[in-house]
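Participant: The following comprises the amino acid sequence and a computationally predicted model.
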Amino acid sequence: MRGGLLHLAHGWTLVDSPIVSAALVGDFIRPAVRAMPSSMAYRLGFCRISILLADPEVSSRWTESGAGIEISVSAGETPNHDLAMELLLCLGQALW
């Protein structure tokens, strides 16, 4: 379902799009989200993750909204492992 939401651990969601492959989700995004301990995920609350086309000036960003944390990670030529690391970096920064 393109343009919908994929459900992740901790009640979080991933915005589905044509640039989000099954391999990226199954092998990198889901394991990265599951690596977040439940107690830390609870502190963050709801988290919505988006994988976007590459922005040469920004590799990732997070913002706090009324609904929770919004994380955007830039894709493109970035290896899937690096996308997962950017996601974890954003989660760590949001916790800080």
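Facilitator: Nice, thanks for sending it over. The structure presented is a predicted model; accordingly, all values stated were derived computationally and were not measured.
Participant: burial measure for the nearest residue to residue 27 once chain neighbours are set aside, as a count.
Facilitator: Counting by CB to CB, 6 or more residues apart in numbering, residue 27 lies nearest to residue 80, which is 6.8 Å off, once chain neighbours are set aside. Every C-beta, even on glycine, is put in place using the N, C-alpha and C of the backbone. Residue 80 has 16 neighbours, counted by other CB atoms under 10 Å.
Participant: quick one, what contacts residue 80?
Facilitator: With contacts defined as CB atoms under 8 Å, 6 or more residues apart in numbering, residue 80 is in contact with 23-24, 27-28.
Participant: ok, now residue 93?
Facilitator: Applying CB under 8 Å, 6+ apart to residue 93 gives the contacts residue 62.
Participant: Before we move on, what's the pLDDT of it?
Facilitator: Listed pLDDT for residue 93 reads 92.
Participant: What helix or strand is it located in?
Facilitator: Assigned by DSSP states H and E, residue 93 falls within helix 80-95.
Participant: Repeat that for residue 62.
Facilitator: Using DSSP H and E, the element containing residue 62 is strand 60-65.
Participant: And that strand, what's buried?
Facilitator: Going by neighbour count (16 or more other CB atoms under 10 Å), the buried part of strand 60-65 is 60, 62.
Participant: Low-confidence regions, the chain specifically.
Facilitator: Applying pLDDT under 70 to the chain flags residues 1-3.
Participant: Strands of that one, residue ranges please.
Facilitator: 5-7, 13-15, 47-52, 60-65, 68-74 (DSSP state E).
Participant: The third one - contacts with which helices or strands?
Facilitator: Okay, so that is strand 47-52. strand 13-15, strand 68-74, helix 80-95 (3 or more CB pairs under 8 Å, 6 or more residues apart in numbering; DSSP states H and E).
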